[in-house]
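Fold the following.
(one chain, ligands or ions: 2)
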Amino acid sequence: MNSIKFLGTAGARFVVAKQLRASGGIWLSLDGTNLLIDPGPGSLIRCLSSRPKLDPTHLDGIILSHRHLDHANDINVMVEAMTMGGFQSRGTLFAPSDALDGEPVVLQYIRDYVDKVEVLKENTSYQVKNITFSTLRRHRHPVETYGFKFFLPGLTVSFITDTHMSPVLIEDYQSDIIIINVVLLNAIPDLPIDHLSIDNAKELIKGIKPKVAVLTHFGMTILKAKPWKIAESIQEETGIKVIAASDGMTLSFDEFI
Ligand SMILES: [Zn+2]
Ligand SMILES: [Zn+2]
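Ligands and ions are numbered 1, 2, ... in the order given. Take a look at the predicted model:
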């Protein structure tokens, strides 16, 4: 069974602060391995209140794409939950170096609880049990940020996290399934916000041509325009299946293998 569950689909400050959408990150179950990507505010609560419940002690790893609060707020409590309060060392924590050094978002004493801390670097492969994933080129974003590509038997799944638009994303994220963090309805020309807009997402979908694209991490302007309607119109325009993620949504990969 290969699937992902959206413990949150909120992006940007207002949607997170008002919890118009939840912000718990994404739980991956891949061939018996459980991984949590970007445990933002409320991640632990979302795991425990999921139906069926997601048990943090079953996690094999936690992966941070970058140190921003909407991605990293619950990182420490999730490590504690994964390791039974630190009494049962377990799992690997993956994070960029600026989430670990300087003003770290991962507390020092928490790092002893996991089996291993791995520093993410660009274009590097990592292994958790039977699952391989790689980072791609570093994203243009105000802090050190990496997206991920997971290699499953017969299927590649990419997570395009927060980033400024760039044609290299199309080269890097060639895969069967793409999950795209789209914060903005429209790009704001005079404001250098390093986030993707709907037009950017369209360009990525047309360039990558995946079997399915999932939009998530919505800012306020997208919520107001109804994400499912936006997904529908991109699907019509591109002829590629496009889904707008919702809180608690599970997507099974097995039908795409
Ligand atoms: Zn974000
Ligand atoms: Zn960010």
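
Show me which residues of the stretch 101-250 of the chain sit near ligand 2.
For the stretch 101-250 of the chain, the contact set with ligand 2 under C-beta under 5 Å from the ion comprises Asp162. C-betas here are computed from N, CA, C, even on glycine.

what residue lies at the spatial centre of the chain?
When the chain is reduced to its mean C-alpha position, the nearest residue by C-alpha atoms, centre = their mean turns out to be Ile37, at 5.1 Å.

Give me the phi and psi angles of the nearest residue to Phe253 once chain neighbours are set aside.
Among residues not flanking Phe253 along the chain, Asn2 sits closest, at 4.0 Å (C-beta to C-beta, 6 or more residues apart in numbering). Dihedral pair for Asn2: phi -120, psi 120, per degrees, to the nearest 10.

can you pull the buried residues of the least confident helix or strand in the chain by mean pLDDT?
Using mean pLDDT, DSSP states H and E, the weakest-scoring helix or strand in the chain turns out to be helix 13-17, at a mean of 94. Within helix 13-17, the residues scored as buried using 16 or more other C-beta atoms under 10 Å are Val15, Val16.

cool, stretch 113-124 as well?
Neighbour counts using 16+ other C-beta under 10 Å place Tyr113, Val114, Glu118, Leu120 of stretch 113-124 among the buried residues.

Three-state assignment for the nearest residue to Ala10 once chain neighbours are set aside, please.
Excluding its sequence neighbours, the residue lying closest to Ala10 (C-beta to C-beta, 6+ apart) is Arg21, at 3.8 Å. Under DSSP: H, G, I helix; E, B strand; the rest coil, Arg21 falls in the coil class.

now the strands for the stretch 101-250 of the chain?
Secondary structure of the stretch 101-250 of the chain (DSSP state E, counting those that start in this stretch): strands at 116-120, 125-128, 131-135, 148-152, 155-160, 177-184, 196-197, 212-216, 241-244, 250-252.

which residues does Leu152 contact?
Leu152 makes contact with Asn2, Leu30, Asp31, Ile131, Phe253, Ile257 under the criterion C-beta atoms under 8 Å, 6 or more residues apart in numbering.

tell me, how many neighbours does the residue nearest to Ala10 end up with?
Neighbouring residues of Arg21 were enumerated by other C-beta atoms under 10 Å; the total is 23.

Quick one: neighbours of the residue of the stretch 101-250 of the chain found nearest ligand 1, just the number.
Among the residues of the stretch 101-250 of the chain, Asp162 lies closest to ligand 1, at 4.4 Å counting by C-beta to the ion. By other C-beta under 10 Å, the residues close to Asp162 number 26.

Settle this for me: it is touching Asn181, isn't it.
Yes - between Asp162 and Asn181 there is a contact under C-beta atoms under 8 Å: 5.3 Å.

Now do the shared contacts for those two.
Gly11, His195, Leu196, His217.

Just put those residues in a markdown table and tack on neighbour count and pLDDT.
As requested, those are exported to a markdown table (neighbours: other C-beta atoms under 10 Å; pLDDT from 0 to 100):
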| residue | neighbour count | pLDDT |
| --- | --- | --- |
| Gly11 | 29 | 94 |
| His195 | 20 | 95 |
| Leu196 | 26 | 96 |
| His217 | 31 | 98 |
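
where does stretch 88-100 sit relative to the chain's centre, distance-wise?
Centroid displacement of stretch 88-100 relative to its chain, using C-alpha atoms, centre = their mean, to the nearest Å, is 16 Å.

rewinding a little: show me the contacts for the residue nearest to Ala10.
Per C-beta under 8 Å, 6+ apart, neighbours of Arg21: Gly8, Thr9, Ala10, Val15, Phe218, Leu223, Asp247.

try it again with 6 Å
By C-beta atoms under 6 Å, 6 or more residues apart in numbering, Arg21 lies in contact with Thr9, Ala10, Val15, Asp247.

Need the phi and psi values for it.
According to degrees, to the nearest 10, the main-chain angles of Arg21 amount to phi -130, psi 160.
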